[in-house]
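Chemist: Structure for this input, please:
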Amino acid sequence: MTQLELALDAGVSARHLSFVETGRSKPGREMLLRVAEQLDVPFRERNQLLLAAGHAPAFPERALEDPELAGVRDQAAATLREEQARAPAERQNWQKQTEAAQRQEHESPHEGRDSRLGLPRRRLASQVS
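Modeler: Presented below is the predicted three-dimensional model:
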């Protein structure tokens, strides 16, 4: 997105946006909120942006322990439990892949590899003939 596109989408002049960017002008609260909206800045960062510009935060923040967030906490816990129920199959697949890689490493340890880094050795031009 160009500065001109951002200015048009946010409803401010490109010149004013340029002045804000270079520090020649101080942005107003509404301008900051419109620009942040166009850039899809998360609400928490919008509050930080407003505070940095000397304005009061616009969006309330709550602790996860807040009673009003009980439904969100319960849904998140249920989702985590569902994901953990599926995890054993994924864990078993990971174990199989790890064991296969270890077997391959034991069959030909460091063959053609730099022993210090475990990386493939590069052939020098003098070695290629």
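
Chemist: now residue 82: how far from residue 95?
Modeler: To residue 95, residue 82 is 22 Å away according to CB to CB, to the nearest Å. C-betas here are computed from N, CA, C, even on glycine.

Chemist: which intervals of the protein have sub-threshold pLDDT?
Modeler: Scanning the chain with the threshold set as pLDDT under 70 gives 87-92, 105-129.

Chemist: So which residue is dead centre in it?
Modeler: Centroid-nearest residue in the chain: residue 42, 12.1 Å away (criterion: CA atoms, centre = their mean).

Chemist: Angles on the backbone of that one, please.
Modeler: Phi and psi for residue 42, reported as degrees, to the nearest 10, are phi -60, psi 150.

Chemist: Any idea how many residues pack against residue 15?
Modeler: 11 (other CB atoms under 10 Å).

Chemist: helix or strand for it, which one?
Modeler: Here residue 15, judged by DSSP states H and E, is contained in helix 14-22.

Chemist: May I see the buried residues of that helix?
Modeler: 17, 20 (16 or more other CB atoms under 10 Å).

Chemist: Past that helix, which element shows up next along the chain?
Modeler: Going down the chain from helix 14-22, the next helix or strand is helix 29-38, by DSSP H and E.

Chemist: Only the buried residues of that following helix, if you could.
Modeler: Under 16+ other CB under 10 Å, the buried positions of helix 29-38 are 31-36, 38.

Chemist: Columns distance to residue 68 on top of those residues, output as TSV?
Modeler: Below are the buried residues of helix 29-38 laid out as TSV (distance: CB to CB, whole Å):
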residue	distance to residue 68
31	31
32	27
33	24
34	28
35	30
36	24
38	29
